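S.K.: fold the following.
(2 chains, ligands or ions: 1)
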Amino acid sequence: MDKSCCGPGYASPTEAIKAPRENLLYTIAIYTGTGIQKPDYLATVDVDPNSPNYSKVIHRLEMPGIGDELHHMGWNACSSCHDDANMARKYLLLPGVRSNNIHIVDTATNPSAPKLHKIISGADIKSKTNLSGPHTVHCLGSEIIVSMLGDAKGEAPGGYLHLNKDFEIVGRWENSMGSIPFSYDFWYQPRHNIMVSSEWAAPNTFMPGFDLEEVGHLKYGRQLHFWDFEKREPIETFYLGEDGLVPLEVKFHHNPDSSHGFCGAALSANVIHWWKDDQGKWNWEKIIDVENEPHPDWPIPIPGVMSAILVSMDDKYLYLNNWLHGDMRQYDISDPHKPVLTGQVWMGGLLGKAPEVNGVKMAGGPQMFQLSLDGKRLYVTTSLFSTWDNQFYPEIRENGGVMVMIDCDPENGGMSINSDFIVNFGNEPNGPSRCHEARYPGGDCTSDIWL
Amino acid sequence: MTHTVKIENRDNSLYEVDAKRSLLESLREQGVDLPYGCKYGGCITCAAKLTSGKVDQRRQVALNNRQLNEGYIILCVARPKTDISLKIGVESHDKLYRNPFLDPLKPHELKADIATSKGEN
Ligand code: FES
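M.R.: Numbers count the residues shown, from 1 in each chain, chains lettered A, B, ... in the order given. From the prediction side, this is the model:
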């Protein structure tokens, strides 16, 4: 195959690591739930250290209406389309968890000033698929699937919205939800014909805020689901129990031949690892357990709340956050059964270990993060979800969210907060907003999948 | 049929609203800038505090019993049954959000579908 003809992304993870350094990144920023009656927006952040605007928001693309609660994002195409010269990584999909609208943003025409290309209306999605609460977006070849956390009335288990490359609704992607009670994140590894999905809760449960008691009433998830990817139906469920309360982010190794994958169980603050053995059987184990921390004034010890995990492009490191404790961690997972802690930094959190970073007062703790393809720069934001922020970090209303950059050492391990970079979303022109997930135009460590 | 809505934290301004339509719809139409998200009663973004009068909000699924006892209503589904007074926006949300580790709910304060009745456990 002629390499110069190719479509988006990279031929392999090794090629991706060699890609040019990111010069800008996109993060969503919300006003939903903040008291400021303005639309959520997509912020472009200049991350080119040679630019006069380094570490600044250089463009804001407002959504047409208020109340979307932008959250996660995804590309229209990734390395899974690398062989298709007709495809390009041109559009970023921005679902609104509350409004159900999915915004398609053109980032290619002018990468620093993206513009709105199309909106798939939430009402249309509901009427055609009976789904709501869009979350994770993955492309697969030229098609796109989005995990939807509820039915049109916000009740579990939701399902998967299937879009074609022109962003038209094809319908439901899955043939069956089996007995899956909840949806959240998913990742697929095509060479093993497997998809793994996790469980948050019904939109009607998590959107209004977090009631701890509802975990005991089984309103939150504690299972992982393995799918026959081609048949589009679940084939096996792992009950994680107390080790896997509220299993959220799902990542496979980037190496398409690997069967190893990981999930962060947010409330248990554990990392669950799975793999396929020589007999073709899937196994799971707990490989990281972050202990709850006592708090001087609270009757209940604070769990880490590991709301995100990320695997570096070379599959050597796993990064995780403890949103309530306030630390980001780096583990060497060269042996995925035996992770070794190689780095840790503090930013915000409820334990009071790093109330300020680079002169900016932190409201919130490390929450979402995106790693550069070369594994050296980790961009971390502080807001989780408007209602949950309001419960745990009410001062975020006045202070807004923050984006911090952590320098990571991909050779020897280790991480430290970069002292030249900080983006304070407390200073936004319309008032304090909250930044969340970030993506780079050239692809990143949470998008690309190889067929 | 209509009722009068008084918004206390907007200079006690008064609005006539249809008894059959949601308060969110009627008030926004008359220029009151209110937050909202899902518009079906599930996400809490539009919550306001009812300080007098009665509403029908049987369709809401966002509030737990503690929030209901504090007087919160869900404007996107609530319809007025009488003249009412409200506090709106995040200024009214002082008791809406609660740290669940610092201040756990009692069994009767959970959402209606899982709450025990007061007194039992
Ligand atoms: S707008 Fe979501 S509950 Fe009213």
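S.K.: what packs against the helix or strand containing residue A:234?
M.R.: Here residue A:234, judged by DSSP states H and E, is contained in strand A:233-239. Helices and strands touching strand A:233-239, by 3 or more C-beta pairs under 8 Å, 6 or more residues apart in numbering or on different chains; DSSP states H and E, are strand A:223-228, strand A:282-289. Where you see a C-beta, it was placed from the backbone N, CA and C, and this is true even at glycine.
S.K.: within the sheet, what are the partner strands of the helix or strand just after the longest one, with directions?
M.R.: Looking back up the chat, that one is strand A:282-289. Per DSSP H and E, strand A:282-289 leads on to strand A:309-311 as the next helix or strand towards the C-terminus. If you go by DSSP bridges, strand A:309-311 pairs up with strand A:317-322 (antiparallel).
S.K.: what inclination does the strand it pairs with have with respect to strand A:282-289?
M.R.: With axes from the mean of the first three to the mean of the last three C-alpha atoms, to 10 degrees defining the directions, strand A:317-322 sits at 60 degrees from strand A:282-289.
S.K.: kindly export strand A:317-322 (C-alpha atoms) in PDB.
M.R.: Taking C-alpha atoms only, strand A:317-322 is exported to PDB below (Å, rounded to 0.1, in the frame of the first residue of the first chain):
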ATOM      1  CA  TYR A 317       2.400   3.500  31.600                       C
ATOM      2  CA  LEU A 318      -1.100   3.700  33.100                       C
ATOM      3  CA  TYR A 319      -2.200   7.100  34.400                       C
ATOM      4  CA  LEU A 320      -5.000   7.500  36.900                       C
ATOM      5  CA  ASN A 321      -6.500  10.300  39.000                       C
ATOM      6  CA  ASN A 322      -8.000  10.400  42.500                       C
END
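S.K.: who's in contact with it?
M.R.: For strand A:317-322, the surrounding residues in contact (C-beta atoms under 8 Å, 6 or more residues apart in numbering or on different chains) are A:262, A:264, A:269, A:271, A:288, A:290, A:304-312, A:327-333, A:339, A:342, A:349, A:365-367, A:369, A:371, A:375, A:378, A:380, A:408, A:410, A:413.
S.K.: my read: residue A:120 touches residue A:167, true?
M.R.: Yes - with contact defined as C-beta atoms under 8 Å, residue A:120 reaches residue A:167; the gap is 6.1 Å.
S.K.: quick one, which of those two is more surrounded?
M.R.: The residue with more neighbours, out of residue A:120 and residue A:167, is residue A:120; 22 against 16, by other C-beta atoms under 10 Å in any protein chain shown.
S.K.: so who does that one touch?
M.R.: Applying C-beta under 8 Å, 6+ apart, we find residue A:120 in contact with A:101-102, A:104, A:163, A:167, A:169.
S.K.: and if you look at residue A:287?
M.R.: Residue A:287 is in contact with A:262, A:271-273, A:336-339, counting by C-beta under 8 Å, 6+ apart.
S.K.: try 7 Å this time
M.R.: By C-beta atoms under 7 Å, 6 or more residues apart in numbering or on different chains, residue A:287 lies in contact with A:271, A:273, A:337, A:339.
S.K.: what's the distance between residue A:100 and residue A:121?
M.R.: Distance from residue A:100 to residue A:121, counting by C-beta to C-beta, to the nearest Å: 8 Å.
S.K.: which of the two has more neighbours?
M.R.: For residue A:100 and residue A:121, the more surrounded residue by other C-beta under 10 Å is residue A:100, and the numbers stand at 28 against 13.
S.K.: pLDDT at the nearest residue to the more buried one once chain neighbours are set aside, what is it?
M.R.: Leaving aside its sequence neighbours, residue A:100 sits nearest to residue A:122 (C-beta to C-beta, 6 or more residues apart in numbering or on different chains; 2.7 Å). On the pLDDT scale, residue A:122 is placed at 98.
S.K.: surely residue A:122 and residue A:97 touch.
M.R.: No - with contact defined as C-beta atoms under 7 Å, residue A:122 does not reach residue A:97; the gap is 10.2 Å.
S.K.: burial of the closest residue to chain B within the stretch 51-200 of chain A, as a residue count?
M.R.: Proximity of the stretch 51-200 of chain A to chain B (C-beta to the nearest C-beta) peaks at residue A:98, 3.1 Å away. Using other C-beta under 10 Å, the number of residues around residue A:98 comes to 32.
S.K.: then residue B:82?
M.R.: Neighbours of residue B:82 using other C-beta under 10 Å come to 11.
S.K.: isn't it up against residue B:54?
M.R.: Yes - with contact defined as C-beta under 7 Å, residue B:82 reaches residue B:54; the gap is 4.9 Å.
S.K.: need the contact list for the closest residue to residue B:74 other than its chain neighbours.
M.R.: Distances taken as C-beta to C-beta, 6+ apart put residue B:60 closest to residue B:74, at 3.9 Å, once the chain neighbours are dropped. Residues near residue B:60 by C-beta under 7 Å, 6+ apart: B:41, B:74, B:77.
S.K.: one more: residue A:44?
M.R.: By C-beta under 7 Å, 6+ apart, residue A:44 lies in contact with A:24, A:26, A:57-59, A:112-114.
S.K.: next, the residue in the stretch 301-450 of chain A positioned nearest to chain B: phi, psi?
M.R.: For the stretch 301-450 of chain A, the residue closest to chain B is residue A:390, as judged by C-beta to the nearest C-beta, at 4.2 Å. Main-chain dihedrals, residue A:390, degrees, to the nearest 10: phi -60, psi -30.
S.K.: against residue B:88, how distant is it?
M.R.: 16 Å.
S.K.: same deal with residue A:194?
M.R.: 49 Å.
S.K.: ok, now residue A:14?
M.R.: 56 Å.
S.K.: middle-most residue in chain B, spatially?
M.R.: Nearest residue to the geometric centre of chain B (C-alpha atoms, centre = their mean): residue B:73, 1.1 Å.
S.K.: ok, it to residue B:27 distance?
M.R.: Distance, residue B:73 to residue B:27, using C-beta to C-beta: 12 Å.
S.K.: the residue nearest to residue A:100: neighbour count?
M.R.: There are 23 residues near residue A:122, going by other C-beta under 10 Å.
S.K.: who's in contact with it?
M.R.: By C-beta under 7 Å, 6+ apart, the contact set of residue A:122 is A:99-101.
S.K.: ok, residues contacting the strand holding residue A:234?
M.R.: Strand A:233-239 is touched from outside by A:174-176, A:178, A:180, A:222-228, A:282, A:284, with contacts defined as C-beta under 7 Å, 6+ apart.
S.K.: how does it look with 6 Å?
M.R.: By C-beta atoms under 6 Å, 6 or more residues apart in numbering or on different chains, the residues outside strand A:233-239 that reach it are A:175-176, A:178, A:180, A:223-228, A:284.
S.K.: contacts only, for residue A:395.
M.R.: Taking C-beta under 6 Å, 6+ apart, one finds residue A:363 in contact with residue A:395.
S.K.: quick check: buried residues in the top helix by length along chain B?
M.R.: Secondary structure of chain B per DSSP state H: the longest helix is helix B:23-29. Neighbour counts over helix B:23-29 (16 or more other C-beta atoms under 10 Å in any protein chain shown) mark B:23-28 as buried.
S.K.: leaving out chain neighbours, which residue sits closest to residue 30?
M.R.: All of this refers to chain A. residue A:40 (4.5 Å).
S.K.: oops, chain B please
M.R.: residue B:15 is the one closest to residue B:30 (C-beta to C-beta, 6+ apart), at 5.3 Å.
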